[in-house]
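Engineer: here you go, sequence then predicted model.
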Amino acid sequence: MFDFSIATKWLHELLLSWMPGWAVTTVECLLIGVALLAVYALLALFYIFYERKLCAWFQCRLGPNRVGPWGLLQVFADMFKILIKELIPIKGTDKFLFGLAPYLVIIASMLVFACLPWGNGLQLVDFNVGLFFMTAASSIGVLGILLAGWASNSKYTLIGAMRSGAQMISYELSIGLAMLTMVVMTGTMSVSGIVNAQADGWLIFKGHLPACIAFVIYLIAATAETNRGPFDLPEAEHELTAGYHTEYSGIHFGFFYLAEYLNLFIVSGIASLLFLGGWMPLHIPGWDGFNAVMDYIPSVVWFLGKAFFVSFIIIWFKWSFPRLRIDQMLTLEWKYLMPIGLFNLVLMTLVVMTGFHF
Amino acid sequence: MTSIQETISRLCPTATYEEGEILLVTVPDAQWHAVALALRDKLHFDTLAALFGVDRKETMGCMYYLNNSETNEMVSVRVDCPDRDDALLHSVADVWHVANFQEREAYDFYGIRFINHPDMRRMFLRNDWVGYPLRKDYDANPELNPIRLTDEEHEDDTFSIVEAADGTLHRIDGKVFAPDDYVVNIGPQHPSTHGVMRYRTAIDGETIKKVDVVSGYIHRGIEKLCEGMTYPQTLFFTDRMDYMSAHQNRHALCMCIEKALGIEVPRRAQVIRVMMDELMRISSHLLSYGCTTMDMGATTAFFYGFREREEILKIFEKTCGARMSLHYNVIGGVAKDLHPDFVEDVKRFCAAMPKHLKEYHKLYTGNVIAVGRMKGIGVLTKEDAISYAVTGPSGRASGVHCDCRKAHPYSIYNELDFNEVVDDNASGDSFMRYYLRLKEIEESVKILEQLVDNIPEGDICAKVPKIIKLPAGHWYQQVEASRGTFGVYIESDGGKNPLRMHFQSPCFNLVGVMDTCCRNYLIADLITIGATLDFVIPDIDR
């Protein structure tokens, strides 16, 4: 399997031969930043297209099909339109916080984005508490949403923000518990460590029952965490017109929109990291021929493929289920998901202690 | 009939009676409230089917149509204002709750103030409107009522005229909301109000404390326009009220005019009309299914409903030449003969529909979230449903047997075999309202299946005079529209134009229960309740 660290090392040494150490660091940071932004934007565009085509398929429609072949250029046209739209200043808003909110949301999503294991040796930040950092960084997003709702000085946005606060903080618990369950299994919080622990089989297979429970809890909580249907109460279109981002226009709205799609990718990426092996190909102990064939598929394809698969499930939720009501949503979290998650953590600990796993 | 007259005569010896299809009782205003109570409590006329003002130039007053919800007997009452310049009548809003909105409408159009009415605001027009447009002495000079570019002022102000024990009247001013209410505007531009409708909603957190319906954003003054038009011209408005009951509404108006002229409609036209009515009903309920599910966030179910509705629209398009404003019924019959494909298309549709319904139930009715969001939400009790004159599937979900096709059979409905879909447990919640609509589709398909092979040959339209003049008199005709009982009242003075034409729309009554249904539920429930009550705004803003 191709190791991307060969390429990055070669680039690093090439730069070192030309310029001093501090300049190399600066150039590398710039390159990485640009690459990150480009991938972020492209993935967002892909996700918008992906969701539109999928939802069209669920709804017996064709989806975008006029701009470019199979409507491929539609998303570019839409994004270009959002870029050139006017930023409408609203009377009575808190200007500073109103402007700050979309950046907080998108920065939170980018920070987590940077930690994902893209491929073999293709990871930007890798340190011993990677997973912990991810949860911490993703929590900044809710601050942006609360600020957006508050600073807009509108009743709809305020209700949306209140719902969002209640929802994201509640479901963070379940996400945390599901992650913790898998950390107990691997014994490390480092992203690369978790991926490497799955070289002989993905955690969802190795951890059997508790891992499957954690996976289901994670999927539900992640859907809620990204504010997507059936948990899209903060922006419940049919109740609050657009919830917390009702008053935003132009690229500020675009940031919320981008962050929402990218958060979908991020939670899918984390799901694939924790349960489906990250970039690790499907390995079955003992089947060496099969494993070798699987290794021929590039690691980036493995990672993206798994993330897209998990996203497909989440998108499927969204287009099939009606929206929950605020009390139902809180009941689901506090009365069902969290107790089950806690129980599952104990179960996983017992499984690991007794060595009753593959 | 005699018992009605005896009871009323005991209370009000000066009452006069006019026998007809529906007994007309004329009562002086002073005794009207007592007579109303007696009619409701002693004679069980518990539904106020219609209430509207009539200006007959020398006198002005209100007409009331009452229905007995058990025997479906009807009686009409005429009450004239003692003084037309200082028009006052006693309110019956405490006798029948539906009168609250209906009297506000009469106040809006005729300037009749109702004594003891709790909330005497205009219903449709702005509160700075000059004059009362449906009065015959109304000054339509546009300079009096220019297009105003500013917001309404004092929209929270209301007043009531209260009668003291000694008979003197006092005006008491008040406010709609308490000063510390947190009032959120839902509408007029909102995705889920299904049109230009506005609810001023007082909330506490997410809990609804009070809903104030602000209506009239698209009011077109159809009743006023009708007074200046010939009868065939008035037909074109009915398709623009409840556009999801276009056929039924027009059917009602045609029947009312035919009744006045004494025209016998050919059998073929009758069958075609009933088939079109039922197709329209199915299409309306499919749209309602779609919108209900979408309002709760299930967008895929919405498309499923629209997919089947499209087939009906295609059938309409082939025969009527239009998909929306169909203009198919005419006085004496129907406008055009059926398209040659009609029978085949309807058969195909009827065969496919049960399969699709099963799919709807699978996708939505059984969904745990959907059930949780609809079961027990927005409960309308049977008493309230009767008092608020809620008809159609919404009324039947509360256990009221209000299907006009059974209660007051018209056209050929009494020959057909179909069931009135009523929830006898009177659960009256959002789920039952939603569910009964899907059940009703099955019944409509049953009617279509009975008729599709038995469309008789013959004329599609009776002979009607070139110039239609109705004899002096008044007529009332009800039909079962998609959302409830739709009534047409025509009063003629013998000319080419009606003296008064009133359309009693079911949706106006439906929106009247929003406050009752929504209190103490959540904001999300307001949307669910609105969707399952399923009103169409142009039907409210006639």
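Structural biologist: That came in fine, so what should we check first? Because the structure is predicted, anything quoted here is derived from the model rather than measured.

Engineer: and chain A, which residues reach chain B?
Structural biologist: Within chain A, the positions adjacent to chain B are A:55, A:58-61, A:155-156, A:159, A:229-230, A:232-233, A:236-241, A:319-328 by C-beta under 8 Å from any C-beta of the partner chain. For every residue, glycine as well, the C-beta is placed using N, CA and C.

Engineer: hmm, try it at 10 Å
Structural biologist: A:55-56, A:58-61, A:154-156, A:158-159, A:162-163, A:229-233, A:236-242, A:316, A:318-329, A:331-332 (C-beta under 10 Å from any C-beta of the partner chain).

Engineer: isn't residue B:509 right next to residue B:213, touching?
Structural biologist: No. The pair residue B:509 / residue B:213 is not scored as a contact, 11.7 Å apart, by C-beta atoms under 10 Å.

Engineer: those two: which is more packed in?
Structural biologist: The neighbour comparison of residue B:509 against residue B:213 (other C-beta atoms under 10 Å in any protein chain shown) goes to residue B:509, with 31 against 19.

Engineer: which of the residues of chain A next to chain B are buried? Put it as a ChimeraX command.
Structural biologist: Burial among these is assessed by 16 or more other C-beta atoms under 10 Å in any protein chain shown; the matching ChimeraX selection reads:
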select /A:55,56,59,154,155,156,158,159,162,163,229,230,231,232,233,236,237,238,239,240,241,242,318,319,320,321,322,323,324,325,326,328,329,332
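
Engineer: among the residues of chain A next to chain B, which lie within helices?
Structural biologist: Residues of these located in helices (DSSP state H): A:55-56, A:58, A:155-156, A:158-159, A:162-163, A:237-240, A:316, A:318-320, A:326-329, A:331.

Engineer: I figured residue A:300 hits residue A:123, correct?
Structural biologist: No. In this structure residue A:300 lies outside contact range of residue A:123 using C-beta under 10 Å: 11.4 Å.

Engineer: wait, what's in contact with whatever residue of the stretch 201-350 of chain B ends up closest to chain A?
Structural biologist: Relative to chain A, the nearest point of the stretch 201-350 of chain B is residue B:297 (3.0 Å; C-beta to the nearest C-beta). Residue B:297 makes contact with A:229-233, A:236-239, A:318-319, A:321-324, B:369-370, B:373, B:524, B:527, according to C-beta atoms under 10 Å, 6 or more residues apart in numbering or on different chains.

Engineer: ok so it is a helix residue?
Structural biologist: No. Read with DSSP: H, G, I helix; E, B strand; the rest coil, residue B:297 is coil and lies in no helix.

Engineer: identify the residue spatially nearest to it, adjacent ones excluded.
Structural biologist: In space, and not counting its chain neighbours, residue B:297 is closest to residue A:323: 3.0 Å by C-beta to C-beta, 6 or more residues apart in numbering or on different chains.

Engineer: check chain A for the residue nearest chain B and tell me.
Structural biologist: With C-beta to the nearest C-beta, the shortest gap between chain A and chain B falls at residue A:323, namely 3.0 Å.

Engineer: list phi and psi for that residue.
Structural biologist: According to degrees, to the nearest 10, the main-chain angles of residue A:323 amount to phi -80, psi 150.

Engineer: please tell me I have it right and it contacts residue A:227.
Structural biologist: No. Under the criterion of C-beta under 10 Å, residue A:323 is not in contact with residue A:227, lying 11.1 Å apart.

Engineer: please state the offset of the helix or strand in which residue B:114 is found from the chain centre?
Structural biologist: Under the criterion of DSSP states H and E, residue B:114 resides in strand B:113-115. On the basis of C-alpha atoms, centre = their mean, to the nearest Å, strand B:113-115 sits 23 Å off its chain's mean C-alpha point.

Engineer: equivalent analysis for stretch A:282-289, please.
Structural biologist: Relative to its parent chain, stretch A:282-289 has a centroid offset of 29 Å by C-alpha atoms, centre = their mean.

Engineer: returning to that earlier point: the residue nearest to residue B:297 and residue B:372, how far apart?
Structural biologist: For residue A:323, the distance to residue B:372 equals 11 Å [C-beta to C-beta, to the nearest Å].

Engineer: do you know the pLDDT at the residue of the stretch 201-350 of chain B closest to chain A?
Structural biologist: In this model, residue B:297 is scored at 83, pLDDT.

Engineer: ok, now how distant is it from residue B:122?
Structural biologist: Residue B:297 sits 36 Å away from residue B:122, going by C-beta to C-beta.

Engineer: equivalent analysis for residue A:109, please.
Structural biologist: The gap separating residue A:109 from residue B:122 is 50 Å, by C-beta to C-beta.

Engineer: packing partners of the strand holding residue B:114?
Structural biologist: If contacts are counted by 3 or more C-beta pairs under 10 Å, 6 or more residues apart in numbering or on different chains; DSSP states H and E, strand B:113-115 sits against strand B:88-90, helix B:99-110, strand B:157-163, strand B:169-175.

Engineer: from those, which stretch is densest packed?
Structural biologist: Highest mean neighbour count of the helices and strands packed on strand B:113-115: helix B:99-110, a mean of 24 (counted as mean count of other C-beta atoms under 10 Å in any protein chain shown).

Engineer: which element is residue B:94 on?
Structural biologist: Using DSSP H and E, residue B:94 falls outside every helix and strand.

Engineer: mind listing what it touches?
Structural biologist: When contacts are counted by C-beta under 10 Å, 6+ apart, residue B:94 touches B:33, B:36, B:37, B:100, B:116, B:117, B:118.

Engineer: which residue, other than its chain neighbours, is closest to residue B:468?
Structural biologist: Distance criterion C-beta to C-beta, 6+ apart; nearest residue to residue B:468, sequence neighbours excluded, is residue B:231 at 4.6 Å.

Engineer: so what pLDDT did the one you found get?
Structural biologist: Looking at residue B:231, its pLDDT reads 89.

Engineer: and residue A:262, by the same measure?
Structural biologist: Reported pLDDT for residue A:262: 87.

Engineer: backbone phi and psi for it, please?
Structural biologist: Phi and psi for residue A:262, reported as degrees, to the nearest 10, are phi -70, psi -30.

Engineer: residue B:380 now?
Structural biologist: phi -110, psi 110.

Engineer: contact partners of stretch A:197-209?
Structural biologist: Against stretch A:197-209 from outside (C-beta under 10 Å, 6+ apart): A:181-182, A:184-188, A:190, A:194, A:211-215, A:271-286, A:291, A:306, A:344, A:347-348, A:351-352, A:356-358.

Engineer: now the end-to-end length of it.
Structural biologist: Start-to-end span of stretch A:197-209 (C-alpha to C-alpha, to the nearest Å) is 18 Å.

Engineer: now for the residue lying closest to residue B:385 once chain neighbours are set aside: which residues touch it?
Structural biologist: Distances taken as C-beta to C-beta, 6+ apart place residue B:398 nearest to residue B:385, at 3.7 Å, with adjacent residues excluded. By C-beta under 10 Å, 6+ apart, the contact list for residue B:398 reads B:379-386, B:388, B:390, B:422-423, B:426-429, B:432-433, B:513.

Engineer: again, 8 Å this time
Structural biologist: Residue B:398 makes contacts with B:380, B:381, B:382, B:384, B:385, B:390, B:423, B:426, B:427, B:428, as judged by C-beta atoms under 8 Å, 6 or more residues apart in numbering or on different chains.

Engineer: can you count the residues close to the fifth one?
Structural biologist: Counted with other C-beta under 10 Å, residues neighbouring residue B:385 total 26.

Engineer: just the element for it, please.
Structural biologist: Per DSSP H and E: helix B:382-387 holds residue B:385.

Engineer: which residues does residue B:384 contact?
Structural biologist: So, once contact is read as C-beta under 8 Å, 6+ apart, residue B:384 ends up touching B:97, B:390, B:398, B:513, B:516.

Engineer: cool, and residue A:222?
Structural biologist: Contacts of residue A:222 (C-beta under 8 Å, 6+ apart): A:175, A:267, A:268, A:270, A:271, A:314.
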